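Visitor: any chance you can model this:
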Amino acid sequence: MTTVQLPKPEVRDHASLSDALRQRRSVRAYSGRSLTLQQVGQLLWAAQGRNDPSGMRTAPSAGALYPLELLVAAGDVAGLDPGVYRYRPQQHTLEMLQPGDRRDRLARAALGQSWVADSAAILIITAIYERTTRKYGERGKRYVHIEIGHAAQNALLQAASLGLGAAVVGAFDDAAVASLLDLPAPEQPLYLLPVGWPADEDSGP
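Guide: Numbers count the residues shown, from 1 in each chain. Model (predicted):
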């Protein structure tokens, strides 16, 4: 199994939070320029990385149970073979699950939103509800959905601070995405987040 050590995340940069908030837009047109491994690692860390020696993460989680999993479908990332990878927050590594570019197939599963395939990489946020519901019962599902919003916004603001474009996709065929990614039964896809260098002509709300 291929494991990729990601570059150490930058914990200080020149962009302020207010700059990132001001610059954040949903970007659905991309230039075709490659991302770097450093940028991909920074986005993953922002969404679900460790920010404390105890193992706590960048996004809050009810009971520190961390039901979210983060995958990346890499297509045009310098230094990273095209494929589907799972992010391992504790080690800040990527573990290859499937070789080969899956962006076109994910775009088709996203109800034909062709722009998804134009991104350099697609972050996929999944959830294993049982990690939270076994403590909090049915209400735990609400906590999972709240948490995914925290993680996605972290990634979106990090993308903005890096000068990258990103958008979130919730409209997709759940079963098709789960099958494409070969997710184990308890794990459900909840969010796609395509990211790349923005083209000049398109931004959205």
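
Visitor: distance from the chain centre to the lowest-mean-pLDDT helix or strand in the chain, please.
Guide: Every helix and strand in the chain was compared by mean pLDDT, DSSP states H and E; the lowest is helix 17-23, with a mean of 84. Using C-alpha atoms, centre = their mean, to the nearest Å, the mean C-alpha position of helix 17-23 is found 19 Å from that of the whole chain.

Visitor: which other helices and strands contact the very next helix or strand once past that helix?
Guide: The C-terminal neighbour of helix 17-23 among helices and strands, as given by DSSP states H and E, is strand 35-36. Here strand 35-36 is seen to pack against strand 77-78 when contacts are counted using 3 or more C-beta pairs under 8 Å, 6 or more residues apart in numbering; DSSP states H and E. In this view, the C-beta of every residue, glycine as well, is placed from N, C-alpha and C.

Visitor: list of residues touching the strand it packs on?
Guide: Residues outside strand 77-78 that contact it (C-beta atoms under 8 Å, 6 or more residues apart in numbering) are 34-37, 40, 120-121.

Visitor: hang on, residue 36 packs against residue 74?
Guide: No - the criterion here is C-beta atoms under 8 Å, and residue 36 misses it with residue 74 at 11.6 Å.

Visitor: between the two, which one's more packed in?
Guide: Taking other C-beta atoms under 10 Å, residue 36 and residue 74 do not tie; residue 74 has more neighbours (25 against 15).

Visitor: give me phi/psi at that one?
Guide: Main-chain torsions, residue 74, degrees, to the nearest 10: phi -90, psi 130.

Visitor: would you mind measuring from the residue positioned nearest the centre of the chain to residue 19?
Guide: Central residue of the chain (C-alpha atoms, centre = their mean): residue 123, 3.0 Å from the mean position. As for residue 123, its distance to residue 19 is 22 Å (criterion: C-beta to C-beta, to the nearest Å).

Visitor: equivalent analysis for residue 102, please.
Guide: Here the criterion is C-beta to C-beta. By it, residue 102 lies 33 Å from residue 19.

Visitor: look at these two and report which has more neighbours.
Guide: Legend: neighbour count by other C-beta under 10 Å for residue 102 and residue 19, higher for residue 102 (22 against 14).

Visitor: how about the contacts made by the closest residue to the more buried one other than its chain neighbours?
Guide: In this structure, residue 102 finds its nearest non-sequential neighbour in residue 73, 4.6 Å apart by C-beta to C-beta, 6 or more residues apart in numbering. Taking C-beta under 8 Å, 6+ apart as the contact definition, residue 73 lies against 83-84, 101-103, 106, 121-122, 124, 181.
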